[in-house]
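**Q** need a structure here:
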Amino acid sequence: MATWIAVALLAHLACLAPWVVVMRQVNPYMDEIFHIPQAQRYCEGHFEEWDPKITTFPGLYLSSSLVRGFTGFYCSKDALRLENLMYALATHVVMYRLLRRHLDGKRAAAHSFMLSVYPIHFFFQTLYYTDVGSLFWTLLTHDLAMPTKGQALPARRVIFAAVSGCIAILFRQTNAVWLMFTFGTAALSDLQSSKWGSSLTQSYTSPSVLLTFCHALLMESGRLLSRLGFLLVPVLLFLAFVVQNNGSIVVGDHSNHQIAAHWAQLAYLCAVTAATSGFGDGSALSLSSMKNFGSACVASWRSLLLLLVSLALTTFILHRYSLAHPFLLADNRHYTFYIWKRILSRPGFKEALGPGYVYAAWYCWCRNSGQSGLWVLIWWVAAVLTLVPAPLLEPRYWTTAVLLSHLHAPEHTWPSCLATSSTFLLVNVLTLGIFVYRPFAWPTGEVARFMW
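**A** Numbers count the residues shown, from 1 in each chain. So this is what the prediction gives:
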């Protein structure tokens, strides 16, 4: 099995290394103009110096400075960017470990490579951003805390998961929600292997199943807390920070990071998750999935009524809760600027996409329901808590939710895996090529580059 993951890692490195070299010609860009100087201050041991425009905890900078022993040695922009390559390969290994729970070694290696080159994730592997390190620690926490089927979860793994969860929150505050997701899914797995199992493994979530789950959580709370309670320690510490920080989760610049009700984020998440589900039979783009959706909609009058209510609710949400943050409207360096300006801002157009979003949401639900409908529900709750309060339309905010969905989805066929990986790689070549080789100038004369 080690041979297959080694091959996958080498393939990943072969795809990433040329861009790491090419990126040397790109000066610190976008958020890097804040991250790199702050990391260099930490590398030199100047922990009292903090840029107030930075809104995340200092996990990324502490990681960089610890590696260098606070000496300031080898802390240039290129060396700092190189750390994300290491995090990217480590994330690849963790994804392989998660996939091995339901796939053989060969298929797990192929799938982990495919997800490692997921375009938005791959793009930020070449920059000194918090995204890749944040994803690594979040997935490592999930891997450590999730029991292997048929085996008990050692207490030491829960402690290690809690430590990993602390670090994940230091990289990005919203990882506290994904730590709760891990706690919830680990508790569900525990209950499914107990006397409650027969009631909690259904592929759909009726009110009775949800009530049974809540009842089981209450009745088994003592046992679950004794086994998994350490996972809640980082969350409680984070909540204490939020209270002390006057209810805000960010540090530094609060004015541009106000909580919003951006419900359209869920539509975007569903669309991206479905669109990246692969090719071939069983994917969101396949004729068979579309036929299954149509059959499910007309299966009974209740199904048809549910469809009509879903369409009406989605249309209302898209009309009322599709937000355009000032940063989105003012910054023509992001692809989302053009998506909003030329497509989503047109009168009636975003509402017209409602049926597509409903189909994408149905697909996401059905594809992952093999985990049980409750697992999908916990995933949805985590997505709501991390995405809806974010007013900015930012594709990288979806990455954790998208990859967790894919990691727990049914396996791809070999042709689908090959086609999906090839498509991802083509998108990466185009987006990174444009970023590096097609800069443009703002009216001020500043060099600007297109990016996600």
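**Q** how far away is Ser283 from Val381?
**A** 25 Å (Cβ to Cβ, to the nearest Å). The way it works is simple: take the backbone N, C-alpha and C, and place the C-beta from them, glycine included.
**Q** Tyr96 too?
**A** Distance of Tyr96 to Val381, given as Cβ to Cβ: 27 Å.
**Q** settle it for me: which of those two has more neighbours?
**A** Tyr96 (26 against 14; other Cβ atoms under 10 Å).
**Q** doesn't Ala110 make contact with the more buried one?
**A** No - the criterion here is Cβ atoms under 8 Å, and Tyr96 misses it with Ala110 at 9.9 Å.
**Q** what is in contact with those two at once?
**A** Residues touching both Tyr96 and Ala110 (Cβ atoms under 8 Å, 6 or more residues apart in numbering) are Ala8.
**Q** please, where are all the helices along the stretch 301-450 of the chain?
**A** 301-320, 326-330, 335-339, 349-352, 354-368, 373-387, 399-407, 414-437 (DSSP state H, counting those that start in this stretch).
**Q** show me what the fourth one is packed up against.
**A** Helix 349-352 makes packing contacts with helix 301-320 when contacts are defined by 3 or more Cβ pairs under 8 Å, 6 or more residues apart in numbering; DSSP states H and E.
**Q** hang on, the earlier thing: out of the helices of the stretch 301-450 of the chain, the one nearest Ala271 is which?
**A** Nearest to Ala271, of all these, is helix 354-368, at 4.9 Å by Cβ to Cβ.
**Q** which helices and strands sit right next to the closest one?
**A** Counting by 3+ Cβ pairs under 8 Å, 6+ apart, helix 354-368 packs on helix 264-275, helix 287-297, helix 301-320, helix 373-387, helix 399-407.
**Q** what's the last one in contact with?
**A** If I follow you right, that is helix 399-407. 95, 98-99, 115, 118, 120-121, 131, 134-135, 138-139, 142, 175, 178, 181, 269, 272-273, 276-277, 364, 367-368, 379, 382-383, 386-387.
**Q** 7 Å instead, please
**A** Residues outside helix 399-407 that contact it (Cβ atoms under 7 Å, 6 or more residues apart in numbering) are 95, 98-99, 115, 118, 120-121, 131, 135, 138, 178, 269, 272-273, 276, 364, 368, 379, 383.
**Q** can you count the residues close to Arg68?
**A** 17.
**Q** same check, this time on Pro154
**A** Residues near Pro154, counting by other Cβ under 10 Å, number 11.
**Q** confidence score at it?
**A** Per-residue confidence for Pro154 comes out at a pLDDT of 87.
**Q** kindly report the same for Ala176.
**A** Value for Ala176, per-residue pLDDT: 97.
**Q** and the closest residue to it other than its chain neighbours, what does it touch?
**A** Nearest residue to Ala176, sequence neighbours excluded (Cβ to Cβ, 6 or more residues apart in numbering): Phe238, at 4.4 Å. Residues near Phe238 by Cβ under 7 Å, 6+ apart: 169, 173, 176.
**Q** and the residues you listed, which is closest to Lys195?
**A** Ala176 (31.2 Å).
**Q** how far out from the middle of the chain is the host helix or strand of the closest one?
**A** Element membership for Ala176, per DSSP states H and E: helix 175-192. Helix 175-192 sits 16 Å away from the centroid of its parent chain (Cα atoms, centre = their mean, to the nearest Å).
**Q** give me the helices and strands touching it, please.
**A** Under the contact criterion of 3 or more Cβ pairs under 7 Å, 6 or more residues apart in numbering; DSSP states H and E, helix 175-192 touches helix 131-145, helix 155-171, helix 197-200, helix 221-228, helix 232-244, helix 373-387.
**Q** pass me the low-pLDDT residue ranges in the stretch 251-400 of the chain, would you?
**A** Within the stretch 251-400 of the chain, the stretches with pLDDT under 70 are 253-257.
**Q** let's see it at 80
**A** 252-258, 369-371 (pLDDT under 80).
**Q** distance to Met290 added to the helices and strands packed on helix 175-192, as CSV?
**A** CSV is the format used below for the helices and strands packed on helix 175-192 (distance: least, Cβ to Cβ, whole Å):
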stretch, distance to Met290
helix 131-145, 31
helix 155-171, 37
helix 197-200, 30
helix 221-228, 40
helix 232-244, 40
helix 373-387, 20
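**Q** out of these, indicate the one that is most buried.
**A** A comparison of these by mean neighbour count, using mean count of other Cβ atoms under 10 Å, puts helix 131-145 on top with a mean of 26.
**Q** and the angle for that one with helix 155-171?
**A** In terms of direction (axes from the mean of the first three to the mean of the last three Cα atoms, to 10 degrees), helix 131-145 departs from helix 155-171 by 160 degrees.
**Q** which outside residues touch helix 131-145?
**A** 60, 63, 84, 87-88, 90-91, 94-95, 97-98, 121, 124-125, 157-158, 160-161, 164-165, 167-168, 171-172, 175, 178-179, 182, 186, 231, 396, 399-400.
**Q** recalculate using a threshold of 6 Å.
**A** 60, 84, 87-88, 90-91, 94, 97-98, 124-125, 157, 160-161, 164-165, 167-168, 171-172, 175, 178, 182, 186, 231, 396, 400 (Cβ atoms under 6 Å, 6 or more residues apart in numbering).
**Q** how far does stretch 89-96 sit from the chain's center?
**A** The answer for stretch 89-96 is 14 Å, by Cα atoms, centre = their mean.
**Q** now stretch 209-225: average pLDDT?
**A** On average, stretch 209-225 scores 91.
**Q** same list (the helices of the stretch 301-450 of the chain) but as CSV, adding distance to Thr55.
**A** Shown next, in CSV, are these (distance: least, Cβ to Cβ, whole Å):
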stretch, distance to Thr55
helix 301-320, 27
helix 326-330, 12
helix 335-339, 19
helix 349-352, 28
helix 354-368, 29
helix 373-387, 15
helix 399-407, 17
helix 414-437, 23
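**Q** quick one: which of those helices is nearest Tyr42?
**A** helix 399-407 (24.8 Å).
**Q** relative to helix 354-368, how tilted is that closest one?
**A** 50 degrees.
**Q** export helix 399-407 as PDB, just CAs?
**A** The C-alpha trace of helix 399-407 is given here as PDB (Å, rounded to 0.1, in the frame of the first residue of the first chain):
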ATOM      1  CA  THR A 399     -12.600  24.200   0.300                       C
ATOM      2  CA  THR A 400     -12.800  22.400   3.600                       C
ATOM      3  CA  ALA A 401     -16.500  21.600   3.100                       C
ATOM      4  CA  VAL A 402     -16.000  20.500  -0.500                       C
ATOM      5  CA  LEU A 403     -13.100  18.200   0.300                       C
ATOM      6  CA  LEU A 404     -14.800  16.600   3.300                       C
ATOM      7  CA  SER A 405     -17.800  15.900   1.200                       C
ATOM      8  CA  HIS A 406     -15.600  14.300  -1.500                       C
ATOM      9  CA  LEU A 407     -13.600  12.300   1.100                       C
END
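**Q** can you list the residues that contact stretch 171-178?
**A** Applying Cβ under 6 Å, 6+ apart, the contact partners of stretch 171-178 are 56, 59-60, 130, 133-134, 137-138, 168-169, 235, 238, 249, 382, 385-386, 400.
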